[in-house]
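Trainee: this one's sequence-less:
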């Protein structure tokens, strides 16, 4: 899904070692992990957060909510970049990287709305923040050169490039009742039939038309 020079492409095992040199003694560092739903980006993001003792920030929880999504776009598409508040994600990530605790909204996948509860995330001494999101590299644009210089932030961007058919199968298994006892199962607003229809009619076309052409530091395959 992403075209990139060969030297930017690494295996998932090589990614940890490659990022180690970037993160070592580099001060406040934000690592974004992007990829389609079901690509394995959350698994990799959590692994990176553990490896570098970093704070873990899920962009999913900044979902604007179904009611607002329908109001703004007239359709239920949870895979649009506009579905998530990346301005808020960037603000939270920058605060965490520079040593400040933050309060993040909590999104309920079963109702497709934010809950009234906020969750506190505390910074780590490492100054590392790992951001997990469909379009997490959007932070490059949102934060910008001025804020990066003022806060002495370092940004590194990872794209998890899993074949789309693999990601789709994983998502179907996760969101449908086919594997309800699995640890990865997630209750969503759709019925099983609705989930399948959403994948075919909405999610897959959205991914195929999404712009993932921005530069990433690493493509994990």
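Mentor: Nice, I can see it. Fair warning: this is a prediction, and the values are worked out from it, not measured in the lab. Numbers count the residues shown, from 1 in each chain.

Trainee: please make it C-alpha for all contacts and neighbour counts, starting now.
Mentor: Fine.

Trainee: okay, now residue 82: neighbour count?
Mentor: Close neighbours of residue 82, defined as other CA atoms under 10 Å, add up to 15.

Trainee: show me the contacts for it.
Mentor: With contacts defined as CA atoms under 8 Å, 6 or more residues apart in numbering, residue 82 is in contact with no residue.

Trainee: in three-state terms, label it for me.
Mentor: With DSSP: H, G, I helix; E, B strand; the rest coil as the basis, the three-state label of residue 82 is helix.

Trainee: quick one: it from residue 153, how far?
Mentor: Residue 82 sits 25 Å away from residue 153, going by CA to CA, to the nearest Å.

Trainee: kindly report the same for residue 112.
Mentor: Distance check for residue 112 against residue 153: by CA to CA, it reads 33 Å.

Trainee: ok, now residue 53?
Mentor: Per CA to CA, residue 53 is found 17 Å from residue 153.

Trainee: okay, those two: which has more neighbours?
Mentor: Looking at residue 53 and residue 153 with other CA under 10 Å, you find the greater number of neighbours at residue 153, namely 20 against 17.

Trainee: hang on, isn't that one packed against residue 23?
Mentor: No - proximity of residue 153 to residue 23 does not meet the contact threshold set by CA atoms under 8 Å, at 11.5 Å.

Trainee: so who does the residue most central in space within the chain touch?
Mentor: Of all residues in the chain, the one closest to the mean position by CA atoms, centre = their mean is residue 133, 1.1 Å from it. For residue 133, the residues meeting the contact criterion (CA under 8 Å, 6+ apart) are 32, 33, 34, 35, 41, 42, 58, 59, 60.

Trainee: strand partners of the host helix or strand of the first one, parallel vs antiparallel please.
Mentor: Spelled out, it's residue 32. Taking DSSP states H and E as the definition, one finds residue 32 inside strand 29-34. When pairing is defined by DSSP bridges, strand 29-34 lines up against strand 128-132 (parallel), strand 154-160 (parallel).

Trainee: contact partners of the last one?
Mentor: Contacts to strand 154-160, defined as CA under 8 Å, 6+ apart, come from residues 26-35, 39-41, 137, 140, 148, 216-221.

Trainee: no further questions, thank you.
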